[in-house]
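**Student:** Sequence first, predicted coordinates after that:
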Amino acid sequence: MCGQLAFYFEQKNCTGCNTCSIACKDKNNLEVGQNFRRVYEVSGGNYTKRGRAIIPNVYAFWISSSCNHCIDPACIKNCPVGAIKKRKKDGIVYICEDICIGCCNCIKACPYKAPQYDARVKKVRKCDFCMDLLDEGKPPVCVAACPMRVLDYGPLNLLTEKYGNACEVKGMPEGSITKPALVITPHKDALKT
């Protein structure tokens, strides 16, 4: 693969099972409270009263989110020691843990809260798109683990050709901030109006 890699999320069919999050947590041996991929529930709605009838209009959907390996990553700009890098061949944003000083500036800067402080090593860690698996020709563990097959990955340009360029849904930050390498087929109730 060449070009910027991106995640694809088919939100409309996600059941919120958290298998992607658990697989990532297991692969990266993360402590309690650390999750490089998180699944959020978004719910809401109201009701309409017609005479004596009450008609509910409620919704619930999920957001599966990790580091979005942004085109313009705020984490890189805010790292005082240059520990966060963007791989030239595929745009993956990763942290050189041997350089990281654990200052947490990247955590504060990231609108997606992808970087996570690891108290065991006193460093910041985050999703690295499973670079080790990609180098072996395998998919990221979150993609491989999803029982509903709603997660995928590939070159950003191919994913946008196939699915469009939506990366913003209710419950997520504005995409213009960092230009995330993420494509979403949104749930009907997740569309921003």
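**Tutor:** On my side now, so go ahead.
**Student:** Would you mind listing where the chain has pLDDT under the threshold?
**Tutor:** In the predicted model of the chain, residues 1-2, 192-193 satisfy pLDDT under 70.
**Student:** Could I get the full set of strands for it?
**Tutor:** Using DSSP state E, the strands assigned to the chain run over residues 5-10, 38-50, 53-65, 84-86, 93-95, 116-118, 123-125, 151-155, 182-185.
**Student:** I'd like to know which of those strands is closest to K27.
**Tutor:** K27 lies closest, by CB to CB, to one member of the strands of the chain: strand 123-125, at 12.3 Å. Glycine gets a C-beta too; all of them are placed from N, C-alpha and C.
**Student:** Please name every helix or strand in contact with the closest one.
**Tutor:** If contacts are counted by 3 or more CB pairs under 8 Å, 6 or more residues apart in numbering; DSSP states H and E, strand 123-125 sits against strand 93-95, strand 116-118.
**Student:** ok, back up a step: can you put the strands of the chain in a markdown table and add mean neighbour count and distance to N28?
**Tutor:** As requested, these are exported to a markdown table (neighbours: other CB atoms under 10 Å; distance: least, CB to CB, whole Å):
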| stretch | mean neighbour count | distance to N28 |
| --- | --- | --- |
| strand 5-10 | 24 | 16 |
| strand 38-50 | 12 | 13 |
| strand 53-65 | 15 | 16 |
| strand 84-86 | 19 | 17 |
| strand 93-95 | 22 | 12 |
| strand 116-118 | 19 | 10 |
| strand 123-125 | 21 | 7 |
| strand 151-155 | 19 | 16 |
| strand 182-185 | 23 | 20 |
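**Student:** Any idea which of these gets closest to V32?
**Tutor:** Of all these, strand 116-118 sits nearest to V32, with 11.8 Å by CB to CB.
**Student:** For the strands of the chain, give me JSON lines that also has distance to A145.
**Tutor:** Putting those into JSON lines (distance: least, CB to CB, whole Å) gives the following:
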{"stretch": "strand 5-10", "distance to A145": "13"}
{"stretch": "strand 38-50", "distance to A145": "12"}
{"stretch": "strand 53-65", "distance to A145": "11"}
{"stretch": "strand 84-86", "distance to A145": "26"}
{"stretch": "strand 93-95", "distance to A145": "21"}
{"stretch": "strand 116-118", "distance to A145": "19"}
{"stretch": "strand 123-125", "distance to A145": "19"}
{"stretch": "strand 151-155", "distance to A145": "8"}
{"stretch": "strand 182-185", "distance to A145": "18"}
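**Student:** Quick one: closest of those strands to P73.
**Tutor:** For those, proximity to P73 was assessed by CB to CB; strand 93-95 is nearest, at 5.1 Å.
**Student:** strands paired with that closest one, and their directions?
**Tutor:** For strand 93-95, the paired strands and their directions (DSSP bridges) read strand 84-86 (antiparallel).
**Student:** where does the partner strand sit relative to the chain's centre, distance-wise?
**Tutor:** Using CA atoms, centre = their mean, to the nearest Å, the mean C-alpha position of strand 84-86 is found 17 Å from that of the whole chain.
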